[in-house]
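Asker: With the input below, show me the fold.
(one chain, ligands or ions: 1)
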Amino acid sequence: MAAGGTQHVPVLLAEVLAALDPQPGQTIVDGTVGGGGHAEAIADRVGPTGLVVGLDRDPLALERVEQRLAGRPVKLIQANYSDLPELLAQLGISGVHGVLLDLGLSSDQLADPERGFSFASSGPLDLRFNPLEGEPAWRLVERLSAEHLQQLFSRYGEERFSPRIARRIVEVRRRQPIRTSAELAELVCSVVPRSHDTRIHPATRVFQALRIAVNDELRWLEIGLRRIVDCLLPGGRLAIISFHSLEDRRVKEAFRDDARLDVVTRHPVTASPAELGRNPRARSAKLRVALRKPDATTEHANLPPKKALSPPR
Ligand SMILES: C[S@@+](CC[C@H](N)C(=O)[O-])C[C@H]1O[C@@H](n2cnc3c(N)ncnc32)[C@H](O)[C@@H]1O
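Answerer: Model (predicted):
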């Protein structure tokens, strides 16, 4: 197990540091602090006169990361990154030099059998980032119609075999409830032909779809993409790592369509062969970076009056 009780290895770390270029004294937000790998490296760059505001929806992730980041200039808050304007207002911060979002789930969440993220888990099929918020995935599997399940797997998982999987779920749940991740994964394997790529489990897309649905991930991403730009100082940097095409498309379009931003990465940055050798999780990671234009006006002006802060270098 790596530093501070986390198993999570941060992806594209050098590339994120190059993109955000944190300088001593700056204030940077890590909107998805997870195991704290990115936050730790950024905190070391901003130093004792700077600040990293670390957010996560998952209270257990914050408990874990607190120890790792102790003694560093980090303020941890259990929150959704789309609430960043209100959170900064509460902290009396009128603008930040950079924001990082590293989307999706962490290896710690994946490894916890009680959370249900792993296909082999005999724990409950939960899949919530915050176990106290919203509905667990097994409830969706239990109550949605075949048609609705099919739409969900198609829309959020881009799963070709959605109709078959949805029909099978409805057949099986008439006889016995589907409550664990292992039960659902087995059911999907029984109706989906094996892919040639054995690195990808046949239930990957179904689990992705359910996870996106229970956490409302794409809606928060769309809202966050607009609201976070409000919080950037002129010249402030926004770096976003996504792990599948549904996320990456939204990031790409939001960057392109936001008149307040200059896009830095025409094409997304991906992991080097060396990183892929060390960390297979980096395989699907895509980093996009944008800068807030120096003269951009704030569209959603819900921040308190500006406190003096040095401009980003
Ligand atoms: C890939 S992990 C981040 C890993 C982290 N960068 C590191 O170095 O360890 C993603 C984290 O984002 C959190 N998360 C997902 N959606 C979120 C949201 N809307 N707001 C805040 N945190 C979120 C998850 O709970 C998870 O802990």
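
Asker: Tell me which stretches of the chain form helices.
Answerer: 13-20, 37-46, 59-69, 84-91, 107-111, 137-143, 146-157, 162-175, 181-191, 204-215, 217-231, 245-257, 273-278 (DSSP state H).

Asker: Quick check: which of those helices is nearest to residue 26?
Answerer: Residue 26 sits nearest to helix 37-46 of all those, at 5.0 Å, using CB to CB. C-beta: built from backbone N, CA, C; applies to glycine.

Asker: Contacts only, for the nearest residue to residue 287 once chain neighbours are set aside.
Answerer: Nearest residue to residue 287, sequence neighbours excluded (CB to CB, 6 or more residues apart in numbering): residue 269, at 4.1 Å. Neighbour list for residue 269: 12, 15, 19, 286, 287, 288, 289 [criterion: CB atoms under 8 Å, 6 or more residues apart in numbering].

Asker: what about residue 269, distance to the ligand?
Answerer: 15 Å (CB to the nearest ligand atom, to the nearest Å).

Asker: quick one: the residue nearest to residue 59 when sequence neighbours are not counted and residue 28, what's the gap?
Answerer: Counting by CB to CB, 6+ apart, residue 59 lies nearest to residue 78, which is 5.2 Å off, once chain neighbours are set aside. In this view, residue 78 and residue 28 are 19 Å apart by CB to CB, to the nearest Å.

Asker: Among these two, which residue is more densely surrounded?
Answerer: residue 28 (28 against 16; other CB atoms under 10 Å).

Asker: roughly how far is stretch 22-32 from the heart of the chain?
Answerer: 18 Å (CA atoms, centre = their mean, to the nearest Å).

Asker: got it, and stretch 19-31?
Answerer: On CA atoms, centre = their mean, the centre of stretch 19-31 falls 18 Å from that of its chain.

Asker: So for that stretch, what gets flagged as buried?
Answerer: Within stretch 19-31, the residues that count as buried by 16 or more other CB atoms under 10 Å are 19, 20, 22, 23, 25, 26, 27, 28, 29, 30, 31.

Asker: Which ones, among those residues, also lie beside the ligand?
Answerer: Filtering these for proximity to the ligand by CB under 6 Å from any ligand atom leaves residue 31.

Asker: how about the buried residues of stretch 19-31 in JSON lines, adding pLDDT and distance to residue 200?
Answerer: Formatted as JSON lines, these follow (pLDDT from 0 to 100; distance: CB to CB, whole Å):
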{"residue": "19", "pLDDT": "98", "distance to residue 200": "28"}
{"residue": "20", "pLDDT": "98", "distance to residue 200": "31"}
{"residue": "22", "pLDDT": "98", "distance to residue 200": "35"}
{"residue": "23", "pLDDT": "98", "distance to residue 200": "40"}
{"residue": "25", "pLDDT": "98", "distance to residue 200": "44"}
{"residue": "26", "pLDDT": "98", "distance to residue 200": "39"}
{"residue": "27", "pLDDT": "98", "distance to residue 200": "39"}
{"residue": "28", "pLDDT": "98", "distance to residue 200": "34"}
{"residue": "29", "pLDDT": "98", "distance to residue 200": "33"}
{"residue": "30", "pLDDT": "98", "distance to residue 200": "29"}
{"residue": "31", "pLDDT": "98", "distance to residue 200": "28"}
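
Asker: Return the subset of the buried residues of stretch 19-31 lying in strands.
Answerer: 27, 28, 29, 30 (DSSP state E).

Asker: Could you single out the nearest of those residues to residue 277?
Answerer: For those, the nearest to residue 277 is residue 30 (25.7 Å; CB to CB).

Asker: beta partners of that closest one?
Answerer: residue 54, residue 100 (DSSP bridges).

Asker: pretty sure it contacts residue 98?
Answerer: No. Between residue 30 and residue 98 there is no contact under CB atoms under 8 Å: 9.3 Å.

Asker: how close does residue 12 sit to residue 279?
Answerer: For residue 12, the distance to residue 279 equals 10 Å [CB to CB].
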